[in-house]
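Visitor: 3D model of this:
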Amino acid sequence: MDFYDFLAAQSAALERQPRIPPPLLKGDDLIALSMKPGAAMGALLAEIREKQLQDELKTPAQARRWAKGRIRAAERAEPVPQLKRAKPRRAGRRPERGA
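Guide: Numbers count the residues shown, from 1 in each chain. Next up, the predicted model:
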């Protein structure tokens with residue numbers, strides 16, 4: 001099989017693969033819903049994408065409604081209290097015994 005035949009076979013195989021749709025929402029859509037950019041936004045976009053690929057969310061409007069509910073739930077959630085960390089001990093010499 002020469003290079004052209006190989007590429008033609010790969011192209012035919014790719015055409016038989018299911019089409020991966022573009023994401024239903026992007027960061028700008030979540031910003032429009034009053035969400036601030038950051039790690040939480042990335043996590044929410046990943047969750048929306050996962051639900052889209054599992055056919056749980058099918059339209060941008062449906063994804064927007066779902067995201068709005070998640071954003072509101074996060075705003076109502078109580079902040080988790082931060083634990084105080086113990087100060088690290090300094091490495092030092094121990095006093096010698098019997099000295």
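Visitor: per-residue confidence averaged over stretch 14-28?
Guide: Mean pLDDT, computed over stretch 14-28, is 92.
Visitor: repeat that for stretch 73-90.
Guide: The model assigns stretch 73-90 a mean pLDDT of 69.
Visitor: pull the distance from the host helix or strand of residue 14 to the chain's centre.
Guide: Using DSSP states H and E, residue 14 maps to helix 3-16. Centre-to-centre, helix 3-16 and its host chain are 33 Å apart (CA atoms, centre = their mean, to the nearest Å).
Visitor: and the gap between the residue nearest the centre of the chain and residue 70?
Guide: Among the residues of the chain, the one closest to the centroid is residue 43, at 2.9 Å (CA atoms, centre = their mean). Between residue 43 and residue 70 the computed distance is 10 Å (CB to CB, to the nearest Å). In this view, the C-beta of every residue, glycine as well, is placed from N, C-alpha and C.
Visitor: ok so, going back, continuing past the helix holding residue 14, what's the next helix or strand?
Guide: helix 27-32.
Visitor: mind listing what's buried in that next one?
Guide: 29, 30 (16 or more other CB atoms under 10 Å).
Visitor: quick one: that helix to chain centroid distance?
Guide: 15 Å.
Visitor: same thing with stretch 29-44?
Guide: 11 Å.
Visitor: and that stretch, C-alpha only, in CSV?
Guide: The C-alpha trace of stretch 29-44 is given here as CSV (Å, rounded to 0.1, in the frame of the first residue of the first chain):
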residue,chain,number,x,y,z
ASP,A,29,-22.1,32.6,27.6
LEU,A,30,-21.4,31.9,31.2
ILE,A,31,-20.1,35.5,31.8
ALA,A,32,-23.4,36.7,30.4
LEU,A,33,-25.1,34.6,33.1
SER,A,34,-23.0,36.6,35.7
MET,A,35,-20.3,34.0,36.2
LYS,A,36,-16.8,35.2,36.8
PRO,A,37,-13.9,33.7,34.8
GLY,A,38,-11.8,31.2,36.7
ALA,A,39,-11.4,27.5,37.6
ALA,A,40,-15.1,27.2,38.5
MET,A,41,-16.1,28.4,35.0
GLY,A,42,-13.8,25.8,33.4
ALA,A,43,-15.2,23.1,35.5
LEU,A,44,-18.8,24.1,34.7
